[in-house]
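Enquirer: A structural model of the following input is requested.
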Amino acid sequence: EDRRAALRSALQRHSRRCGSAPLLSAVLAAGLFPNVAAMRQRGRRAKIRTREDGDVDLHPGSVVAQAMYRDPSTRSLGGDWLVYGEKVRTTSVNL
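Expert: Numbering: from 1, shown residues only. From the prediction side, this is the model:
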């Protein structure tokens with residue numbers, strides 16, 4: 001909460017529309033398009049789907065996965081969409 005207050009304060013000094021979460025969301029989505037995925041919360045896990053690949057998983061080392069799976073207070077990201085910088089196709093070893 002302290003980090004959010006500090007960020008909000010810094011943004012207010014530099015922007016008249018800093019309190020507009022919809023505007024910020026629109027700018028991020030437009031800037032990262034087509035790297036946008038639909039997300040649905042399913043208990044502890046999130047179901048994530050991209051247009052190109054269908055169902056995808058979060059990489060366990062990603063910032064989002066760590067926030068969702070390790071810190072109980074952030075398990076719900078509070079949104080229906082996720083923007084990402086890159087996606088990586090990997091294979092796993094199954095026993």
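Enquirer: any weak-confidence spans in the chain?
Expert: Within the chain, the ranges that satisfy pLDDT under 70 run 18, 43-45, 70-78, 92-95.
Enquirer: residue 91 and residue 39: what is the separation?
Expert: Remark: distance between residue 91 and residue 39 (Cβ to Cβ, to the nearest Å) = 23 Å. C-beta: built from backbone N, CA, C; applies to glycine.
Enquirer: show me which of the two is the more surrounded one.
Expert: Just comparing residue 91 and residue 39: by other Cβ atoms under 10 Å the higher neighbour count belongs to residue 39, 17 against 5.
Enquirer: what's across from that one in the sheet?
Expert: Bridge pairing for residue 39 (DSSP bridges) gives the partners residue 48.
Enquirer: please report how far residue 65 lies from residue 48.
Expert: 10 Å.
Enquirer: so what sits against both of those two?
Expert: Common contacts of residue 65 and residue 48 (Cβ atoms under 8 Å, 6 or more residues apart in numbering): residue 58.
Enquirer: tell me the centre residue of the protein?
Expert: Nearest to the geometric centre of the chain sits residue 82, at 4.3 Å (Cα atoms, centre = their mean).
Enquirer: assess the claim that it and residue 50 are in contact.
Expert: No - with contact defined as Cβ atoms under 8 Å, residue 82 does not count as touching residue 50 (9.3 Å).
Enquirer: can you pull out the helices in this protein?
Expert: Applying DSSP state H to the chain gives helices spanning 2-14, 21-32, 63-70.
Enquirer: neighbours of residue 80, how many?
Expert: Residue neighbour count, defined by other Cβ under 10 Å, stands at 10 for residue 80.
Enquirer: that one touches residue 39, doesn't it?
Expert: Yes - using Cβ under 8 Å, residue 80 makes contact with residue 39 at a distance of 6.2 Å.
Enquirer: one step back: look up the residues forming beta bridges with the residue nearest to the centre of the chain.
Expert: Here residue 82 sits in beta bridges with residue 37, as judged by DSSP bridges.
Enquirer: tell me how far it lies from residue 9.
Expert: Counting by Cβ to Cβ, the gap from residue 82 to residue 9 is 27 Å.
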